[in-house]
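>>> Show me the folded form of this:
(one chain, ligands or ions: 1)
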Amino acid sequence: MFAELTHTGSTCAMMNLSNRPLPLHVLRAGDFTVPMNDRLFTRAREYEERFWKDRKGLAQTHEGMILFNIFYEESSRTIASFAAAAMHLGMKVHSTQNAGQTSSAAKGESLPDTIRIMDGYLPDILVLRHPADDGAAVAAKFSAVPVINGGSGRGEHPTQAHTDVYTIEKRMGRIDGLTIIIGGDLMNGRTARSLALMLSMYRPAKIIFVSPLEVPMGSDVTARLTERGISFTETDDLRSALPEADVVYWTRVQKERMPPELYGKIKDRFIIGQQQLALMPEHAMLMHPLPRVGEIVPEEVDHDPRAGFFEQAHNGMWVRAALISSILDRTLYAP
Ligand code: CP
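Alright, predicted model coming up:
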């Protein structure tokens, strides 16, 4: 029924055989511009306001439409916030967690075959999390349904970057001119990569990458920043970076993506607690895509007004609602 679809950027270049409109995929943070984000974030704010004023009306806006979550890796926030976002818009949702074990992938079915089959059940949106860096891109090649990258290996997590930039703007009022620390396991953390790539569209004063020397930010990301004239530094000295920061974006060491010896060596290298908070400016915000697994000390940090990570996770639902509806009304990539 479906040919393999070829792509230019994030849209299919070839008409699929069932004459469905060409799908608008969300694969990479770098496919977005500041005006696109501004439009998306305006819609996210409108949806949040509308929910509190007219929840029933909001739930009629996308009635009858369907979202499939297909997650081959574990998730709490991404899968639940996409499901909740879709349901608040009135959509129906089908979610598969750990699809590598619980779907026919466990019997050896390939990703293209799974996507071809899901596609034929006619959801309106397919959200995919996959362990391969190019998982979402591969799925998009075979899908006539819009594919949203819900996290692909060490590669990208673009909707987390939207959530992060939205949260920074909401709390700090802007991105331009800010000094932003992105720290932790930068080699394996896809949220850190996508955030840096999305920030390259803005004019931050400086990005400071703080990581153990063993897991630096990828050279493809730093090359993009250089190309776009974004000032950045790389260091393993958190203490000297903290006093400069307007935003500290902290991430966990990705145990599942490194040898146990390396994990043991670096897991406790950078922990944010009372001493580190004391070095941060009073106006700064501490972010984390979560889950946190020891790199932030809850009892020392959670009560501090600079802690923004729960607000950040909750913002993700409205940003994802705006993404879903902007894909469905085809305004997402409008110039
Ligand atoms: N931030 C994030 O992607 O969280 P989950 O892995 O729980 O979806």
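>>> buried sites along stretch 250-261?
Across stretch 250-261, burial judged by 16 or more other CB atoms under 10 Å covers 250-254, 257-258. For every residue, glycine as well, the C-beta is placed using N, CA and C.
>>> will you turn the residues you listed into TSV that also has distance to the ligand?
Output for the buried residues of stretch 250-261, formatted as TSV (distance: CB to the nearest ligand atom, whole Å):
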residue	distance to the ligand
250	12
251	9
252	10
253	15
254	11
257	13
258	17
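>>> Around the ligand, pick out the residues from the stretch 151-300 of the chain.
Within the stretch 151-300 of the chain, the positions near the ligand by CB under 6 Å from any ligand atom are 151, 157, 160, 289-291.
>>> swap the cut-off to 5 Å and go again
Within the stretch 151-300 of the chain, the positions near the ligand by CB under 5 Å from any ligand atom are residue 289.
>>> In the stretch 151-300 of the chain, what residue lies closest to the ligand?
Residue nearest to the ligand within the stretch 151-300 of the chain (CB to the nearest ligand atom): residue 289, separated by 3.7 Å.
>>> confidence score at residue 101?
Note on residue 101: pLDDT of 88.
>>> That one: neighbouring residues, count only.
Residue 101 has 9 neighbours, counted by other CB atoms under 10 Å.
>>> Please identify the helix or strand for it.
helix 99-102 (DSSP states H and E).
>>> One more: residue 57?
helix 34-58.
>>> Dump the C-alpha coordinates for the next helix or strand after that helix into CSV.
As assigned by DSSP H and E, the chain's next helix or strand after helix 34-58 is strand 66-71. The C-alpha trace of strand 66-71 is given here as CSV (Å, rounded to 0.1, in the frame of the first residue of the first chain):
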residue,chain,number,x,y,z
ILE,A,66,-5.7,9.5,17.0
LEU,A,67,-2.1,9.6,18.4
PHE,A,68,0.1,6.5,18.7
ASN,A,69,3.0,6.5,21.2
ILE,A,70,5.5,3.8,20.2
PHE,A,71,8.3,3.8,22.7
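>>> who does strand 66-71 touch, helix- and strand-wise?
If you count contacts as 3 or more CB pairs under 8 Å, 6 or more residues apart in numbering; DSSP states H and E, strand 66-71 packs onto helix 77-88, strand 92-96, helix 111-120, strand 125-130.
>>> anything in it sitting right up against the ligand?
No - counting by CB under 5 Å from any ligand atom, the ligand has no neighbours in strand 66-71; the shortest distance is 8.2 Å.
>>> what's that strand in contact with?
Outside strand 66-71, the residues that touch it by CB atoms under 8 Å, 6 or more residues apart in numbering are 78-79, 82-83, 86, 91-99, 103, 114, 118, 121-129, 150, 324.
>>> CA atoms only: put stretch 127-139 into PDB for me.
Included here for stretch 127-139 are C-alpha records, laid out as PDB according to Å, rounded to 0.1, in the frame of the first residue of the first chain:
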ATOM      1  CA  VAL A 127       5.400   9.600  18.400                       C
ATOM      2  CA  LEU A 128       8.500   7.300  18.400                       C
ATOM      3  CA  ARG A 129      11.200   6.800  21.000                       C
ATOM      4  CA  HIS A 130      13.900   4.500  19.700                       C
ATOM      5  CA  PRO A 131      17.500   3.500  20.800                       C
ATOM      6  CA  ALA A 132      19.000   4.200  17.400                       C
ATOM      7  CA  ASP A 133      20.300   7.700  16.800                       C
ATOM      8  CA  ASP A 134      18.500   7.700  13.500                       C
ATOM      9  CA  GLY A 135      15.400   5.800  14.700                       C
ATOM     10  CA  ALA A 136      12.900   8.600  14.100                       C
ATOM     11  CA  ALA A 137      14.500   9.500  10.700                       C
ATOM     12  CA  VAL A 138      14.200   5.800   9.600                       C
ATOM     13  CA  ALA A 139      10.600   5.700  10.800                       C
END
